[in-house]
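1. coords please:
(one chain, ligands or ions: 1)
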Amino acid sequence: MHPLRKLFDNGTLNYDIEQFPMSDIILDQVQSFYPQVKSLDTMHESMNTNELYDLGHKVNRELYNTDFYKMLDEVISKYIQQESGEDFLIQRFPGVRFLPPNQDKEGSVLLFHQGRWVGNGLGMYTVWMPFTPCYESNSMQILDLDISQEITRKAVSERWSYEKLNDVCVEHSWPITLQPGQAHLFFQEHIHGNIPNRTGKTRCSTDIRILVKNGQCHRRWPGSYFRPLGKNFQKTPEFKKGEIIVTYAEYEGIKTKKLDLYFQSLVVKEYCRRAGIVPPYQHGENEGLNHTHLEHLVEKAGTDHILLTSMFSLPDDSNHRVAILKKAVASGCKIHLCNEDMIVETAEDIENVEYIRTFTNDWSSPVEQLEEELFGS
Ligand SMILES: [Fe+2]
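-> The predicted structure is shown next:
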């Protein structure tokens, strides 16, 4: 059993709100858009609640220009990593959300679910942190682990309807009751969800996920979804006039073998859009020929930049991967990993890629594992 499992079995984290005044930082950002807002839990009184979703996006963007995420990293480092001594990656883009009273009237009630049903692997743990008092129906509702596991098995094996699942979960759930300065810790098997908020108070919260070493990550890719705690390997690309820029796609990797060209191209096109360049000529690997086309581009084609969909577009074999990246660094060919916003141009960049790429090699599916357990393979 992983040591974090005990800490995260519906556990509570207490942090110093004087040292980490994250609620105040959020309020400042909200007030920069809506100066009339007096407090986070009463914001629905001075603005139209259907603007809250959009406001959430704006505030989240602005929070990157504040100390908010640095504080969040420090809280998790101080109260979880140092406590447990465990190494983990942390979610790259967590988001702050606002839950106004009577959110059901706008069709936005988060129904009951658990991590494995929404793409999370069982090597992931969740920190749910409110920035307003949360209680009764404005809080997240959660179930105990044993009941969650029992309901999960029955819902799958007996093919429950969505309504039945939700009704049973409501019956067995309880509201998380916390103040700012606290967070709730749970893992992916705990069923949780929201109910209509009848407290008359808005809830503001964030949830942030971590991935433990060698943990199952399922659909959350290290590098794009997760980054190292306290660090960001992201770089902003620069392209000079006259440089040769190409893209390259392949179907050899654990993550890319089922990702057809259209979807791989979308990631590269979005990267080009952000960088302000036209998507360049697209090279494609000869499927089954073991990245030889990429080696040619890196070593012999005089290419300045190669845009890859992801670090998972590189060979799965670590020795082969590092050999190609070393050749690229030696020849001055920059390798852009679009999904991760990383650029390999130095030996240190190769180390960073390897740290993330080898953080786990568990690519199994918790959904398939449960099906096998219940129905046999
Ligand atoms: Fe969730």
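2. Nearest residue to I195 in space, please, no chain neighbours.
-> Spatial nearest neighbour of I195, chain neighbours left out: S137 (5.3 Å); criterion: Cβ to Cβ, 6 or more residues apart in numbering. In this view, the C-beta of every residue, glycine as well, is placed from N, C-alpha and C.
3. what are the phi and psi angles of that neighbour?
-> Backbone torsions of S137, given as degrees, to the nearest 10, read phi -80, psi 0.
4. swap in L314?
-> Dihedral pair for L314: phi -80, psi 160, per degrees, to the nearest 10.
5. can I assume it is in contact with G253?
-> Yes: L314 is within contact range of G253, at 7.4 Å (criterion: Cβ atoms under 8 Å).
6. neighbour-wise, which of the two wins?
-> Set side by side, L314 and G253 show more neighbours around L314, with 25 against 19, by other Cβ atoms under 10 Å.
7. Tell me the spacing between that one and I335.
-> Distance of L314 to I335, given as Cβ to Cβ, to the nearest Å: 8 Å.
8. Identify the contacts common to these two.
-> L308, L325 (Cβ atoms under 8 Å, 6 or more residues apart in numbering).
9. so where's the stretch 51-200 of the chain uncertain?
-> Of all residues in the stretch 51-200 of the chain, none has pLDDT under 70.
10. what about the strands in it?
-> Under the criterion DSSP state E, counting those that start in this stretch, strands of the stretch 51-200 of the chain are mapped to 88-91, 95-99, 124-130, 141-142, 174-175, 182-187, 192-193.
11. For stretch 158-170, which residues meet the burial criterion?
-> Buried residues in stretch 158-170, counted by 16 or more other Cβ atoms under 10 Å: L165, N166, V168, C169.
12. residues contacting the third one?
-> By that I understand V168. V168 sits next to I151, W160 when contact means Cβ under 8 Å, 6+ apart.
13. In a strand, L289, correct?
-> No: under DSSP: H, G, I helix; E, B strand; the rest coil, L289 sits outside any strand and is assigned coil.
14. What about the closest residue in space to T49 that isn't next to it in sequence, how many residues nearby?
-> Nearest residue to T49, sequence neighbours excluded (Cβ to Cβ, 6+ apart): P100, at 4.2 Å. P100 is flanked by 23 other residues according to other Cβ under 10 Å.
15. how about P100, phi and psi?
-> Dihedral pair for P100: phi -80, psi 170, per degrees, to the nearest 10.
16. quick one: contacts for it?
-> M43, H44, T49, L52, N197, T202.
17. Equivalent analysis for G376, please.
-> So G376 contacts nothing (Cβ under 8 Å, 6+ apart).
18. where exactly do the helices run in the chain?
-> 3-7, 22-33, 52-63, 68-76, 82-84, 145-157, 162-172, 261-275, 292-299, 318-331, 347-357, 366-375 (DSSP state H).
19. and the contacts of P100, which are buried?
-> The neighbour count (16+ other Cβ under 10 Å) marks M43, H44, T49, L52, N197, T202 as buried among the contacts of P100.
20. got those residues as JSON lines, with distance to S331 columns?
-> What follows is these, written out as JSON lines (distance: Cβ to Cβ, whole Å):
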{"residue": "M43", "distance to S331": "54"}
{"residue": "H44", "distance to S331": "58"}
{"residue": "T49", "distance to S331": "56"}
{"residue": "L52", "distance to S331": "51"}
{"residue": "N197", "distance to S331": "58"}
{"residue": "T202", "distance to S331": "55"}
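21. out of those residues, what pair is the most spread apart?
-> Using Cβ to Cβ, the two most remote members of the buried ones among the contacts of P100 are M43 and N197, lying 13.1 Å apart.
22. how many neighbours does T360 have?
-> Count around T360 with other Cβ under 10 Å applied: 19.
23. separation between it and V212?
-> Distance, T360 to V212, by Cβ to Cβ: 8 Å.
24. Show me whatever sits in contact with both of these two.
-> Taking Cβ under 8 Å, 6+ apart as the contact rule, T360 and V212 both touch G123.
25. how far is stretch 91-107 from where the chain is centred?
-> With Cα atoms, centre = their mean, to the nearest Å as the basis, stretch 91-107 stands 16 Å off its chain's centre.
26. Buried residues in it, which are they?
-> By 16+ other Cβ under 10 Å, the buried positions in stretch 91-107 come out as Q91, R92, P94, V96, R97, F98, L99, P100, P101, Q103.
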